[in-house]
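Q: sequence first, predicted model second:
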Amino acid sequence: MAAGLLFVLFGVLLILFPRRANDFDAYLRKRFSLTGAFVRVRYPDSIYRVLGIFACIFGIVFTSVAIIATVRGLL
């Protein structure tokens, strides 16, 4: 159940702060580049917002299934 709530939190952060996610993505690609070549690509903020919406939906579904399974005594 906690994993679902973390997905929801992650999704909300992506929706609210897409620019920070883009900067963090660029930092990771620069830091862990295997070839040494780094090309700074700015993805549109809408990509991060859509990813955040899907993370929220997945987290809500995951949490709901965990709650229902707990109430029925399956977990």
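A: Arrived safely.
Q: now do the helices in this protein.
A: 2-16, 18-31, 45-72 (DSSP state H).
Q: dump those into JSON lines; add mean neighbour count as well.
A: C-beta here means a position set from N, CA and C on the backbone, and glycine is covered the same way. Converted to JSON lines, these look like this (neighbours: other CB atoms under 10 Å):
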{"stretch": "helix 2-16", "mean neighbour count": "16"}
{"stretch": "helix 18-31", "mean neighbour count": "13"}
{"stretch": "helix 45-72", "mean neighbour count": "15"}
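Q: possible to save the ones you listed as TSV with mean pLDDT?
A: Compiled in TSV, the helices of the chain are given as follows (pLDDT from 0 to 100):
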stretch	mean pLDDT
helix 2-16	93
helix 18-31	86
helix 45-72	94
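Q: chain neighbours aside, what residue packs nearest to residue 21?
A: Leaving aside its sequence neighbours, residue 21 sits nearest to residue 48 (CB to CB, 6 or more residues apart in numbering; 4.7 Å).
Q: surely that neighbour is in contact with residue 18?
A: Yes - using CB atoms under 8 Å as the test, residue 48 is close enough to residue 18 to be in contact (3.7 Å).
Q: doesn't residue 60 make contact with residue 11?
A: No - between residue 11 and residue 60 there is no contact under CB under 8 Å: 9.0 Å.
Q: contact partners for residue 6?
A: The contact partners of residue 6, by CB atoms under 8 Å, 6 or more residues apart in numbering, come to residue 59.
Q: quick check: it vs residue 12, distance?
A: Computed as CB to CB, to the nearest Å, the residue 6 to residue 12 distance reads 11 Å.
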